[in-house]
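1. Coordinates for the following, if possible.
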Amino acid sequence: MAMSNTGRAFRIALCALLLGSSAFGALAQPFPSRPLRLVLTFPPGGATDVLARVLAPAMSADLGQPIVIDNRPGASGMIGTHAVAREKPDGHTLLFGTDSIFTVTPHLYADAGYDPFRDFAPVAPLTDLALFLAVHASVRANTVTELIALAKAEPGRLSFASPGVATPQHLAGELFAQSAGVQWVHVPYKGGAPAVNDLLAGQVPVMFGNLANFQTHVTAGKLRLLGVADPQRFPGLPGVPAIAEALPGFAVSGWFALFAPAGTPVEIVARLEAVTAKALRAPEVAQRLEALAFRPLNLERAQFAARIRADYERNGVLIRARGIKAD
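-> Numbering: from 1, shown residues only. Got it, this is the predicted structure:
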């Protein structure tokens, strides 16, 4: 039997209503709806891993879902970064980004597999990190000035370790050499922990690194801190000089931030930003970060995006001046 025009119109309207309800239900699905994955581009034990594992529990409690730490080191951070760039932009996979990934690596590789400005949305700036200049206890230098004299007396003989090519620690060593007029050899590792192990063994005598890497070993007398790469002395260690006292203007630090794949809905990014900011303010988190020389980056997302661009340009100049090449 033929359907009347009225009946046909009613069925069309009913189908549209049902489809609209289905779409609304999908859009209204609460976030997060499953555990989150936080991808780190360095192995366990380094600064990124420490910071992520301090923050994750506080964020997880607020989000109501576990946060799984996924360490994916290799290829100067490109493996993990590329993987996150290709993930579904739904907020459930995040990148624990570092300044080297966004402002250095793209200068070193013609095809890094990602574009730092096109493929990612900044979610929340986290912290920056004071870098300290440490030497093995056997090194015949107790000050930055004495280390410079030692390096000048034996050009090319001293070496310094870093967690990898073009990390902030590597760039600090290159800037030091440029500023002091010395020649020394860069020895890159796949992460901070293996670099510190060889520093402790005396395989490499010098390293720029974070306080978490060095503090226990300095207390044990195995390492010595000669300076901090901040413009002024670090408040928690006023007895350690700023390197700038011997090399005016010397300053290097590394930053950490959360990023989502480009296209992640703005409301999800805003939720993650708020949760992250709350976690950073938690007393137990703030105390732990202060003890490890991490300092919260009190920047709005727009301000942070501008800093990323400025760091990208500045690091490009240093990389070209020092002739830094990829592994």
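
2. Skipping adjacent residues, who's closest to the spatially most central residue of the chain in space?
-> The residue lying closest to the centre of the chain (C-alpha atoms, centre = their mean) is residue 98, at 2.3 Å. Nearest non-adjacent residue to residue 98, counting by C-beta to C-beta, 6 or more residues apart in numbering: residue 256, 5.8 Å away. Where you see a C-beta, it was placed from the backbone N, CA and C, and this is true even at glycine.

3. Then residue 108?
-> Nearest residue to residue 108, sequence neighbours excluded (C-beta to C-beta, 6+ apart): residue 326, at 4.2 Å.

4. surely the one you found meets residue 109?
-> Yes - if you go by C-beta atoms under 8 Å, residue 326 and residue 109 touch, sitting 5.7 Å apart.

5. if I look at the two, which residues touch both of them?
-> Taking C-beta atoms under 8 Å, 6 or more residues apart in numbering as the contact rule, residue 326 and residue 109 both touch residue 76.

6. in the stretch 101-250 of the chain, which spans are helices?
-> With DSSP state H, counting those that start in this stretch as the criterion, the stretch 101-250 of the chain has helices at 105-108, 144-153, 168-180, 192-200, 211-219.

7. ok, the closest residue to residue 148 other than its chain neighbours to residue 145 distance?
-> On the basis of C-beta to C-beta, 6+ apart, the spatially nearest residue to residue 148 that is not a chain neighbour turns out to be residue 180, at 4.6 Å. Look at residue 180 and residue 145: by C-beta to C-beta, to the nearest Å, they are 9 Å apart.

8. Looking at these two, which one has more neighbours?
-> Neighbour count, other C-beta atoms under 10 Å: between residue 180 and residue 145, residue 180 has more, with 20 against 16.

9. Using PDB, write out every CA atom in the helix or strand residue 70 falls within.
-> Using DSSP states H and E, residue 70 sits in strand 67-71. Extracted as PDB, the C-alpha positions of strand 67-71 are listed here (Å, rounded to 0.1, in the frame of the first residue of the first chain):
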ATOM      1  CA  ILE A  67      47.300   7.900  33.300                       C
ATOM      2  CA  VAL A  68      49.700   5.300  31.700                       C
ATOM      3  CA  ILE A  69      53.300   6.500  31.300                       C
ATOM      4  CA  ASP A  70      54.600   5.200  27.900                       C
ATOM      5  CA  ASN A  71      58.400   5.600  27.500                       C
END
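
10. tell me which residues in it are buried?
-> 67, 70-71 (16 or more other C-beta atoms under 10 Å).

11. Throw the residues you listed into CSV and include pLDDT and distance to residue 251, thanks.
-> Below are the buried residues of strand 67-71 laid out as CSV (pLDDT from 0 to 100; distance: C-beta to C-beta, whole Å):
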residue, pLDDT, distance to residue 251
67, 98, 33
70, 96, 32
71, 94, 30
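
12. between those residues, which is closest to residue 315?
-> Closest approach between these and residue 315, by C-beta to C-beta: residue 71, at 24.5 Å.
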